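>>> model this:
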Amino acid sequence: MSYPPKKGYSTAFFKSKKTIPTLANIAPVLSATGNQTYCPLTSVNIATTITITDPDDTTTDAIYIQISSGYSNGQDQLLLNNSLLHPTVTSSWNSSEGKLTLKSPTGIPVTYADFEDAVKDVQFSNSSPSPVGVRNFSISIGQANYLPRNGHYYEYVPNLGITWTNARAAADIRTYYGLKGYLATLTAADEAQLAGKQAPGAGWIGGTDTEIEGVWKWATGPEAGTVFWNGLSNGSTPNFAFWNSGEPNQAGDEDYAHITAPGVGIAGSWNDLANAGDVSGNYQPKGYIVEYGGTTGDPILQLSASTTLTIASITSTTPASRCDAGTITLFATATAGTINWYDAATGGTNTGTGPSFITPNLSTTTTYYVETATTSCSSSRTAVEAKIIDTPTITTTNSPVTNCGPGLFTATATPSAGTVNWYSQIGGSVVNTGLFYITPNIDSNTTYYAEAINNGCTNNIKVPIDLVVYPLPPVSNQTVKKCNSSKVTLDAAIPNMSYLWSTNETTQTIDVSTTGVFTVDITSLAPESCTSKKTITVQENNKPEIKEVKVEETTITIHLVKNEAYFEFSIDGINYQSSNVFTNAPSGLQTAYVREINQCSIDSQPFIVLIAPKFFTPNNDGFNDVWEVKGLINYPLAEVTLFDRYGKLITQLNARNNNWDGTFNKNPLPATDYWYVLKLDKDSPEVKGHFSLKR
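Numbers count the residues shown, from 1 in each chain. Modelled structure (predicted):
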């Protein structure tokens, strides 16, 4: 809505539908009074006085009266009363905009005086029996919506399919009675209501995130550069935003703010669109919203006047409580009028006046009622509770709480009312609240404390609950060996307990004849009655079996078919050792022994040690006078062949002729080294060696 400049003025413009005069035309000035109180289910004039002052004009086309803030669509209404008394004026009510239009029924401009009389007969009504809030009214020359709070005007311009950038440019060149236009920046809820929900159409507004994706700023008007939203639909605002549910959603590079089409989600809310929007449907731009006001250099105009109706109602109450009997102070606030306190919802006694009320001494919870009253009406009453809370006590606990060994304890307490606060020490802080408490792991006797609390009331008495840790019977598992076809005694090993074996026997010891795993539950006597389980594994060792006895001179090695760590060895049947190797064994026929360590079984095998001397001295002194392989007598098939160093056969020894005296054909041989070859039988390997003859 742009108007041509009035002659002789650079910042004043013509009013709608007027002919350009030859002289300067001055903008009219509107003023009104009428701040009043509204009583439910009544009608009240919105203005007590209205004045339109214009030095050079006496008529205009229309006057627009709008509920500019607090509007409740479906309940609020404006109506021209006594319409027969205003024959030059007709009225029309637009419920979606909350706007009443007064204009000529014939199209001929109406005098200011007739419009003033008509405005004073415009009445507000609300259909609810208990309306709330404040209603602000704007009375304007010009159809743009006027917001008295900031003095700005808001105009919807229809333009099907216009892009955001074109709408921004178009808004920048529009003026309204000299006020510069710009694509609207809606920075508060009342602006969003008036320029969105109460606007005659939906369209572009001045927000965009083209600079940084997800950082929404106002790009127009005095607020240009101000951030009003960060992120997508789950983002946040540093001041004010009114996105529709699930918006902004960046569904296809959508960088521009738009007032959502009617019927899509929340009325008057915003969505993000691409610069051109859709080609049809709900997301095709239908126009744009222009805001006027706040720009540097704008003229000071009074094209609109405003009045206010305050609905007399209780806006808030503060119920209160106390522990046990006594007085309680209640509070209430109201939009207007005197606050009265009563002891009944209707009728009853007026017990006090004012925003606060001190009850008499109370022993039970009591409800009081509060209402506002003006000279013209009174509101419905609102209940306010004065609550008396009984201070509770702990009536029962499960103390002492016992547990076998360290673990979690469950402490319980019953209050006379309310619940229980739990403490780990008398002077500590609350560790839990509830009728029971599961402690952390407790490994020694300790005490927790229960305190009854009812809506903040407590007698500060902390009742102890003892947590007792009973010791578990100390057990250690065992492995027991038994001999084949024999019994073994199993022992629980802790006296003065009760016992239950896996065999169902109940004595401290039992005898078993089979291998396997046996368990016994060992339970301490009452009151502890704590049980530990002991496991005893019964095993049988393998029987030892000698594979061979290997004789290497005086070193004896006993080899078994299968060796076990629990076998032990001997070559004299008396002295046993864990090693199967013996050194310095005596010459002669002997026996090798191996037994299971528990002496359940034994095996033996004879062996012979043959020792060939390293030297001999045939000097008839009674020592080493002959060379003899000891033990050879035990091998009847054995042969020992002696040679000199040149391989000459000297003699042969056997079981019958078992030694050599150092002669050949009864002649002494020289002192030197001689060689022997020993063979026990024809199948045994040869054993070769040498020895010295010393004289």
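>>> Quickly note the distance from the residue nearest the centre of the chain to S245.
For the chain, the residue nearest the mean C-alpha position is N234 (18.4 Å; CA atoms, centre = their mean). N234 sits at a distance of 12 Å from S245 (criterion: CB to CB, to the nearest Å). The C-beta positions use only the backbone N, C-alpha and C, and glycine is treated the same way.
>>> try S601
88 Å.
>>> who's more crowded, the two?
S601 (17 against 11; other CB atoms under 10 Å).
>>> starting at the chain centroid, how far to the lowest-mean-pLDDT helix or strand in the chain?
Every helix and strand of the chain was ranked by mean pLDDT, DSSP states H and E. The lowest is strand 36-38, at a mean of 86. Mean-position distance between strand 36-38 and its chain equals 51 Å (CA atoms, centre = their mean, to the nearest Å).
>>> Now do it: which elements does it pack against?
Contact analysis of strand 36-38 by 3 or more CB pairs under 8 Å, 6 or more residues apart in numbering; DSSP states H and E lists strand 43-45, strand 304-311 as its packing neighbours.
>>> who's in contact with that strand?
Contact with strand 36-38 is made by 44-45, 48, 124, 126, 131, 135, 307-312, 336-337, 374, 376-377, as judged by CB atoms under 8 Å, 6 or more residues apart in numbering.
>>> mind running it again at 7 Å?
Applying CB atoms under 7 Å, 6 or more residues apart in numbering, the set of residues contacting strand 36-38 from outside is 44, 124, 309-312, 336-337, 374, 376.
>>> Can you give me the buried ones in stretch 182-190?
If you call a residue buried by 16 or more other CB atoms under 10 Å, then stretch 182-190 has these buried ones: 182-187, 190.
>>> all strands for the stretch 401-550 of the chain, in order.
With DSSP state E, counting those that start in this stretch, the ranges of strands along the stretch 401-550 of the chain come out as 401-404, 410-415, 419-423, 430-433, 436-438, 446-453, 463-470, 478-482, 488-491, 498-501, 509-512, 516-523, 531-540, 546-552.
>>> So for G252, which of the ones you listed sits nearest?
Proximity to G252, assessed across the strands of the stretch 401-550 of the chain by CB to CB, is greatest for strand 430-433 (51.4 Å).
>>> In contact with V44, which residues?
36, 38, 123-124, 309.
>>> G407 bridge partners, please.
Assessed by DSSP bridges, G407 has beta-bridge partners I442.
>>> Going forward, count from 16.
That works, and once the first residue is 16, the last one we named lands at G422.
>>> Pretty sure it sits against D458.
No. Look at G422 against D458 with CB atoms under 7 Å: they stay out of range, at 8.4 Å.
>>> hmm, back to that, turn the strands of the stretch 416-565 of the chain into CSV, columns for mean pLDDT.
Output for the strands of the stretch 416-565 of the chain, formatted as CSV (pLDDT from 0 to 100):
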stretch, mean pLDDT
strand 416-419, 96
strand 425-430, 97
strand 434-438, 97
strand 445-448, 96
strand 451-453, 97
strand 461-468, 97
strand 478-485, 97
strand 493-497, 91
strand 503-506, 96
strand 513-516, 98
strand 524-527, 96
strand 531-538, 98
strand 546-555, 96
strand 561-567, 90
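>>> Please name whichever of the ones you listed is nearest to R183.
Once these are compared by CB to CB, strand 445-448 is nearest, at 58.2 Å.
>>> Show me what the closest one pairs with in its sheet, parallel or antiparallel.
By DSSP bridges, strand 445-448 pairs with strand 434-438 (antiparallel).
>>> Please enumerate residues in contact with the strand it pairs with?
With CB under 7 Å, 6+ apart, strand 434-438 has contacts from 428, 445-450, 452, 463-468, 477.
>>> Go again with 6 Å.
428, 445-448, 450, 452, 464-466, 468, 477 (CB atoms under 6 Å, 6 or more residues apart in numbering).
>>> buried stuff in it?
Those would be 435-438, for strand 434-438 by 16+ other CB under 10 Å.
>>> Which one of those is nearest to F597?
Distance to F597 across the buried residues of strand 434-438 (CB to CB) is lowest for W437, with 73.8 Å.
>>> From N470, how far out is the closest one?
18 Å.
>>> A128 is in what secondary structure piece?
helix 127-135 (DSSP states H and E).
>>> can you check L117 too?
Going by DSSP H and E, L117 is in strand 114-118.
>>> tell me what that strand is packed against?
In terms of contacts (3 or more CB pairs under 6 Å, 6 or more residues apart in numbering; DSSP states H and E), strand 114-118 is packed against strand 77-84, strand 105-109.
>>> any idea of the mean pLDDT for the longest one?
In other words, strand 77-84. Strand 77-84 comes out with an average pLDDT of 93.
>>> partners of it, with directions?
strand 114-118 (antiparallel), strand 149-155 (antiparallel).
>>> Report the backbone C-alpha coordinates of that strand in PDB.
The C-alpha trace of strand 77-84 is given here as PDB (Å, rounded to 0.1, in the frame of the first residue of the first chain):
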ATOM      1  CA  ALA A  77     -12.900   3.700   6.400                       C
ATOM      2  CA  ILE A  78     -11.800   3.100  10.000                       C
ATOM      3  CA  TYR A  79     -10.300  -0.200  11.100                       C
ATOM      4  CA  ILE A  80     -10.500  -1.500  14.600                       C
ATOM      5  CA  GLN A  81      -8.500  -4.600  15.400                       C
ATOM      6  CA  ILE A  82      -7.800  -6.700  18.500                       C
ATOM      7  CA  SER A  83      -4.100  -6.200  18.200                       C
ATOM      8  CA  SER A  84      -2.900  -8.500  21.000                       C
END
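>>> which of the residues in that strand are buried?
When burial is assessed from 16+ other CB under 10 Å, strand 77-84 yields the following buried residues: 77-84.
>>> again with the last one
Neighbour-count burial for strand 105-109 flags 105-106 (criterion: 16+ other CB under 10 Å).
>>> same check, this time on stretch 350-366
350-352, 354-358, 366.
>>> Just name the closest of these to W179, please.
Of all the buried residues of stretch 350-366, T350 has the smallest distance to W179: 41.0 Å, by CB to CB.
>>> Count the residues that sit near the closest residue to that closest one other than its chain neighbours.
Once flanking residues are discounted, T350 sits nearest to T325: 5.0 Å by CB to CB, 6 or more residues apart in numbering. Per other CB under 10 Å, the neighbour tally for T325 reads 18.
>>> give the contact list for T325.
52, 149, 350-351.
>>> Adding distance to L708, write those out as CSV.
Shown next, in CSV, are those (distance: CB to CB, whole Å):
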residue, distance to L708
T52, 150
V149, 142
T350, 142
A351, 146
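>>> Which two among the residues you listed are spaced furthest apart?
T52 and V149, at 10.4 Å, using CB to CB across those.
>>> So between those two, which is more surrounded?
T52 (18 against 14).
>>> what stretches of the chain score poorly on pLDDT?
16-40, 390-391, 393-394 (pLDDT under 70).
>>> Going along the chain, name the helices of it.
Secondary structure of the chain (DSSP state H): helices located at 127-135, 179-187, 204-207.
>>> To G267, which of those helices lies closest?
Closest among the helices of the chain, using CB to CB: helix 179-187, at 14.4 Å.
>>> Run through who's touching the closest one.
196-198, 219, 271, 290, 303, 305.
>>> cool, stretch 148-163 as well?
By CB under 6 Å, 6+ apart, the residues outside stretch 148-163 that reach it are 43, 47, 61, 75, 79-85, 168-170, 191, 209, 318-326.
>>> Also stretch 241-256?
Residues outside stretch 241-256 that contact it (CB under 6 Å, 6+ apart) are 202-203, 229-233, 261-264.
>>> and which of these is nearest T524?
Closest approach to T524 among the contacts of stretch 241-256 (CB to CB): G261, at 77.9 Å.
>>> which residues touch that closest one?
The contact partners of G261, by CB under 6 Å, 6+ apart, come to S248.
>>> is it true that C392 touches P55?
No. Shown here, C392 and P55 do not form a contact pair, counting by CB atoms under 6 Å, at 7.2 Å.
>>> Could you find the closest non-adjacent residue to D536?
Using CB to CB, 6+ apart, the closest residue to D536 is L515 (4.5 Å).
>>> Over to T364?
Counting by CB to CB, 6+ apart, the residue nearest T364 is D358, at 5.2 Å.
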